[in-house]
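Peer 1: Any chance you can model this:
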Amino acid sequence: MRRGTPELGGGLGGPQDEERDPGIGGESQGDPRIQRARGGGRQRPPERPLDGHRQRHPPRSGSGALSGFPHLPLFRADGGALLRGGGDSAAWVGVEIDRGTRWEVSGVFQHPQFDLGGRRHRGVPEFYDYDVALVQLSKAVTPQLDRRPLCLPCTEGASRALRLPPAQSTCEEHRRLLLPPRALEAFFVSVSPEGQRRQQIHLQLGAQRSPCEADALRAPPYANASALDDVVTARFLCSGGADPHPDPNACRGDSGGPVIVTRGRRYFQVGVISWGVMDACGQRRAPPHARDFHVNVFEVVPWLRERLRHEDIGFLP
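Peer 2: This is a model prediction of the structure:
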């Protein structure tokens, strides 16, 4: 099984005024060169989501997108040692946006139901259900016209980006629009020593979901798992494989990054990269069972709503 190094990433977001407010979810220009900052990063082109990367000491870096309320970015809960066994101290985690701009962290909040070793008695040595966390920055990052946050589903801001009346919208309506039951085009940004690269993938939904999930048991650590449900829960999205198109796979260091869907020229984060069946990086053509699993943001909205109840986010019913 391939997992990322202890690196985090992710994002929330909510647009406000679609034409003038830089706090709006990043606008898509169809540019495949979208990059995320890593290890200092590089200058970004305009009209893209507000991104950052997180470091811990000894220094390790990973990419992620910040939110429309960007002192509270959404990250993965576990990347190796991070947050395992009670969690990291905020002093061990930092976020950097663009080269040399470091933002101190004042708090790290792991999902309360994340339990890496919770199913060892069932032959599952590492269990990644609820593999998300919130990292609170000591001060907010001000969005700019050339750095816009991702949109967080199930918020009033996302409703405006979807051209829906916020007062009449529901979280379930957002799910229906952003995660329709079919092979859905999405993307993540892969990080390597050569730079960052946008990777186009397909989320296997609807009839494609079950075959995608079944390949999870081909990951070597799960050879003794008694049932697929002990490895893959309803809170995961699955990508990869060769049907309907060969998909690239996430690599070590990509774990924690956002899985993004584009709709109406806006970016919406629907997932957080968690783990993969195998390390297919460097292979010209990965085998069909090379699948990646991502935490479905819709499935952790109740926790986000509770954790962020004092933030002016405007969660939908």
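Peer 1: So, low pLDDT: which residues of this protein?
Peer 2: Where the chain drops to pLDDT under 70, the residues are 1-94, 96-100, 146-147.
Peer 1: what sits against the nearest residue to residue 293 once chain neighbours are set aside?
Peer 2: Counting by CB to CB, 6 or more residues apart in numbering, residue 236 is the residue found nearest to residue 293 once chain neighbours are left out, at 4.7 Å. (Glycine included, C-beta is placed from N, CA and C.) By CB atoms under 8 Å, 6 or more residues apart in numbering, the contact list for residue 236 reads 129, 213, 274, 293-296.
Peer 1: Which of the helices or strands spans residue 260?
Peer 2: strand 258-263 (DSSP states H and E).
Peer 1: circling back: what separation is there between the residue nearest to residue 293 and residue 164?
Peer 2: 26 Å (CB to CB, to the nearest Å).
Peer 1: Relative to residue 291, how far out is the residue nearest to residue 293?
Peer 2: 10 Å.
Peer 1: Could you count how many residues lie near residue 287?
Peer 2: 15 (other CB atoms under 10 Å).
Peer 1: Then residue 195?
Peer 2: By other CB under 10 Å, 12 other residues sit near residue 195.
Peer 1: likewise residue 132?
Peer 2: Going by other CB under 10 Å, the residues that sit close to residue 132 add up to 29.
Peer 1: you'd agree it is up against residue 299?
Peer 2: No: taking contacts as CB atoms under 8 Å, residue 132 lies outside contact range of residue 299: 9.4 Å.
Peer 1: circling back: what touches both of residue 236 and residue 291?
Peer 2: residue 213.
Peer 1: packing partners for whatever helix or strand comes next after the strand holding residue 260?
Peer 2: Downstream of strand 258-263, the first helix or strand assigned by DSSP H and E is strand 266-276. On a contact count with 3 or more CB pairs under 8 Å, 6 or more residues apart in numbering; DSSP states H and E, strand 266-276 meets strand 2-3, strand 74-75, helix 156-161, strand 183-192, strand 236-240, strand 258-263, strand 291-296.
Peer 1: Now distance to residue 142 too, for these, in JSON lines please.
Peer 2: Formatted as JSON lines, the helices and strands packed on strand 266-276 follow (distance: least, CB to CB, whole Å):
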{"stretch": "strand 2-3", "distance to residue 142": "34"}
{"stretch": "strand 74-75", "distance to residue 142": "19"}
{"stretch": "helix 156-161", "distance to residue 142": "16"}
{"stretch": "strand 183-192", "distance to residue 142": "22"}
{"stretch": "strand 236-240", "distance to residue 142": "31"}
{"stretch": "strand 258-263", "distance to residue 142": "20"}
{"stretch": "strand 291-296", "distance to residue 142": "28"}
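Peer 1: right, and those - which one's nearest residue 313?
Peer 2: Nearest to residue 313 among these is helix 156-161 (7.7 Å), distances taken as CB to CB.
Peer 1: Now do the contacts for residue 283.
Peer 2: Counting by CB under 8 Å, 6+ apart, residue 283 makes contact with nothing.
Peer 1: so how far is residue 223 from it?
Peer 2: 22 Å.
Peer 1: Same check on residue 211?
Peer 2: Using CB to CB, we find residue 211 at a distance of 19 Å from residue 223.
Peer 1: for residue 145, same thing?
Peer 2: Per CB to CB, residue 145 is found 51 Å from residue 223.
Peer 1: Please apply the same query to residue 269.
Peer 2: Taking CB to CB, one finds residue 269 at 33 Å from residue 223.
Peer 1: out of those two, which sits in the busier spot?
Peer 2: Between residue 269 and residue 223, counted using other CB under 10 Å, the more crowded position is residue 269 (29 against 9).
Peer 1: my guess is that one contacts residue 263, does it?
Peer 2: No: counting by CB under 8 Å, residue 263 is not a contact partner of residue 269; they are 11.9 Å apart.
Peer 1: mind listing the strands for the stretch 101-250 of the chain?
Peer 2: Using DSSP state E, counting those that start in this stretch, the strands found in the stretch 101-250 of the chain span residues 102-110, 133-137, 183-192, 195-204, 236-240.
Peer 1: tell me what the third one is packed against?
Peer 2: Using 3+ CB pairs under 8 Å, 6+ apart as the contact criterion, the neighbours of strand 183-192 among helices and strands are strand 60-65, strand 195-204, strand 258-263, strand 266-276.
Peer 1: Buried residues of that strand, list them for me.
Peer 2: If you call a residue buried by 16 or more other CB atoms under 10 Å, then strand 183-192 has these buried ones: 183-184, 186-191.
Peer 1: So which residues make contact with it?
Peer 2: By CB under 8 Å, 6+ apart, strand 183-192 touches 34-36, 38, 62-63, 196-206, 208, 239, 243-244, 248, 250-251, 253-254, 257-262, 270-271, 273.
Peer 1: Just the buried residues out of these, in PyMOL syntax.
Peer 2: Buried subset of the contacts of strand 183-192, written as a PyMOL selection, criterion 16+ other CB under 10 Å:
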select buried, resi 34+35+36+38+62+63+196+197+198+199+201+202+203+204+205+208+239+248+250+251+253+254+257+258+259+260+261+262+270+271+273
